[in-house]
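*Asks:* curious how this folds, go ahead:
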Amino acid sequence: MIKHIVMWKVKNESDNKMDTCQRIKEALEALPGKITQIKELEVGINYNTSETAYDISLYTGFDSKEDLNAYQINPDHKEVGALIKSLTTARAVSDYEV
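*Replies:* Predicted coordinates for the structure are as follows:
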């Protein structure tokens with residue numbers, strides 16, 4: 001199984017950081033209904049107040065690297081990615097196999 005983990009920091013000029021995080025969360029949580037390669041998906045909104053903490057995290061699981069690649073080029077994923085990019089300033093990612 002392939003694990004794909006991504007974390008983002010929301011732009012500081014966001015009127016309401018929690019609303020922005022919720023908007024991202026809802027967009028991500030809609031993806032399993034559109035992209036069959038997603039086997040697991042979990043989105044968490046951070047409550048840690050440390051300056052080094054990221055605001056929102058995504059965990060997804062895939063059966064194979066090929067499924068992860070298919071997810072990454074899927075138009076629905078790209079649409080959500082563009083939304084997230086417009087609302088965030090930093091991104092960290094880790095992909096690994098278990």
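*Asks:* hmm, Val6 is touching Ser57, no?
*Replies:* Yes - proximity of Val6 to Ser57 meets the contact threshold set by CB atoms under 8 Å, at 7.1 Å. Quick note: C-beta positions are derived from backbone N, CA and C, even for glycine.
*Asks:* and Ile84, that's in a strand?
*Replies:* No - the assignment for Ile84, made by DSSP: H, G, I helix; E, B strand; the rest coil, is helix rather than a strand.
*Asks:* so which residues of the chain form helices?
*Replies:* Per DSSP state H, the chain carries helices over the ranges 17-29, 65-73, 75-87.
*Asks:* gap between the residue nearest the centre of the chain and Lys65?
*Replies:* The chain has Leu58 as the residue nearest its centroid, 4.0 Å off, counting by CA atoms, centre = their mean. Computed as CB to CB, to the nearest Å, the Leu58 to Lys65 distance reads 18 Å.
*Asks:* His4 against Val93, yeah?
*Replies:* Yes - under the criterion of CB under 8 Å, His4 makes contact with Val93 at 7.5 Å.
*Asks:* mind checking which of these two has more residues around it?
*Replies:* His4 (20 against 10; other CB atoms under 10 Å).
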